[in-house]
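*Asks:* coords please:
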Amino acid sequence: MNLTTQFDGLTLANPLMPASGPLVGDYEKLHFMCLQGCGAVVTKTISTKLPVIPKPCIYGDKDFVMNSELWSELPYQTWVEDILPKYSLNKDRPLIISVGYSESDMETLIPLLDPYADAFEVSTHYVGTNLSVIEGIVKTIRKHTLKPIYMKISPHIPSPELFAKTIKNAGANGIVAINSLGPTMKIDIQDRKIVYGNDAGFVWTSGPIIKPVALATVYKIKQAEPTLTIIGTGGIKSADDVIEFLLAGASAVQMLSAALLKGKDLYSKIILDLPKALSKYGFNSVSEVLNTVLDRSVDYTGVVPTLIPEKCIACQLCKDICPYFAIEYPQIITIDPVKCFRCGLCVAKCPTKALIFKK
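*Replies:* Prediction:
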């Protein structure tokens with residue numbers, strides 16, 4: 001199975017890379033991502049100022065992470081003089097260096113980091129929503145490098161399509177979509193206290209819970225600016241998730257939060273699972289997924305779900321959740337075709353797939 005993906009002069013042996021964050025904050029962590037088999041490696045965001053980070057700063061739940069952790073806690077000089085030269089000695093895959101945040105930061109950082117970068121990722125998380133400011137950052141970076149530039153979009157940007165057009169015209173090659181969602185909040189009821197937050201009380205949320213937002217953003221951008229490269233991130237936890245992002249328009253993907261929730265070896269597990277997942281869905285390569293056009297047809301009539309009796313365990317979950325009171329259980333699940341709205345909730349929630357849409 002060919003897992004290779006290529007874009008902007010970069011070749012990745014597979015489409016999975018780490019997202020910028022605590023798992024890529026020094027040489028040991030970058031090297032770990034190589035050992036995991038990632039197709040490319042991304043650094044933690046390097047800036048000219050050191051962050052002030054509250055402790056604790058990372059909260060993990062079943063399907064999301066909340067964090068008030070910021071950019072690299074190491075000075076940029078340590079990256080330039082120690083980490084990146086050491087990593088580059090045996091570099092065998094693309095290295096994307098994450099940088100932030102202002103034009104003045106880029107004037108300082110890009111010339112110093114350019115010898116080690118195969119591409120740059122630029123976080124706009126703390127820049128705001130003013131597209132003229134973001135445009136200026138892209139132009140400043142482009143003055144100092146010929147390497148690919150990927151602007152990382154935050155969910156609070158009002159128009160991903162306009163963001164994409166702006167950064168493309170300014171000289172960027174693509175977009176990383178999306179950054180964490182927020183601001184959000186974590187409250188300890190017992191102590192009547194906001195926890196894990198910054199001095200304003202807020203954290204940022206990432207992980208599987210934000211995947212639907214990330215997928216929609218990737219798709220919107222690809223439809224608006226098909227020549228832009230998109231690196232999808234936000235909610236990936238499995239090989240199936242990787243395939244979904246590629247189908248939505250991403251050329252590669254990043255993951256971090258799921259590894260914080262499920263273990264750091266999740267990278268190698270997903271890469272190992274990817275050929276099997278591709279084969280299961282009838283794909284022969286990653287490039288075949290990338291060349292697939294999603295079906296956008298919509299049915300406004302619908303059909304009443306069909307019960308497969310031998311799969312039904314009589315849990316009656318469908319009856320309990322039906323918002324149209326269309327399901328009853330007189331010894332067997334029955335659906336009133338008059339009351340049924342064909343909404344699909346029961347089909348989606350049935351734990352044994354005993355309810356299906358059959359046309």
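
*Asks:* so L131 sits against F163, correct?
*Replies:* Yes - with contact defined as CB atoms under 8 Å, L131 counts as touching F163 (6.5 Å). Using the backbone N, CA and C atoms, a C-beta is placed for each residue, glycine as well.

*Asks:* which one of these two has more residues nearby?
*Replies:* Of the pair L131 and F163, F163 is the one with more neighbours under other CB atoms under 10 Å, namely 26 against 18.

*Asks:* now do the same contact list for the closest residue to that one other than its chain neighbours.
*Replies:* Counting by CB to CB, 6 or more residues apart in numbering, I157 is the residue found nearest to F163 once chain neighbours are left out, at 5.0 Å. Going by CB atoms under 8 Å, 6 or more residues apart in numbering, I157 touches T124, T129, F163.

*Asks:* what's the neighbour count on L16?
*Replies:* The burial count assigned to L16 is 27, neighbours taken as other CB under 10 Å.

*Asks:* residue contacts, it?
*Replies:* Residues in contact with L16, defined by CB under 8 Å, 6+ apart, are C38, G39, I236, V242, A252, V253, Q254, M255, Y267, I270, I271, L274.

*Asks:* all helices of the protein, in order?
*Replies:* 27-36, 76-78, 84-88, 103-113, 131-144, 160-170, 211-224, 239-248, 257-262, 266-280, 286-290, 317-321, 345-349 (DSSP state H).

*Asks:* could I get those helices as JSON lines with distance to R296?
*Replies:* Output for the helices of the chain, formatted as JSON lines (distance: least, CB to CB, whole Å):
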{"stretch": "helix 27-36", "distance to R296": "35"}
{"stretch": "helix 76-78", "distance to R296": "45"}
{"stretch": "helix 84-88", "distance to R296": "43"}
{"stretch": "helix 103-113", "distance to R296": "39"}
{"stretch": "helix 131-144", "distance to R296": "28"}
{"stretch": "helix 160-170", "distance to R296": "17"}
{"stretch": "helix 211-224", "distance to R296": "10"}
{"stretch": "helix 239-248", "distance to R296": "12"}
{"stretch": "helix 257-262", "distance to R296": "28"}
{"stretch": "helix 266-280", "distance to R296": "22"}
{"stretch": "helix 286-290", "distance to R296": "17"}
{"stretch": "helix 317-321", "distance to R296": "28"}
{"stretch": "helix 345-349", "distance to R296": "19"}
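
*Asks:* please name whichever of these is nearest to A177.
*Replies:* Comparing the helices of the chain against A177 with CB to CB, the closest turns out to be helix 211-224 (4.7 Å).

*Asks:* what mean pLDDT does the closest one have?
*Replies:* Averaging pLDDT along helix 211-224 gives 97.

*Asks:* ok, now which ones touch the most centrally placed residue in the chain?
*Replies:* With distances taken as CA atoms, centre = their mean, T233 lies nearest the centre of the chain, 1.5 Å away. Listed by CB under 8 Å, 6+ apart, the contact set of T233 reads A19, V176, A177, I178, A214, V253, Q254, M255, L256.
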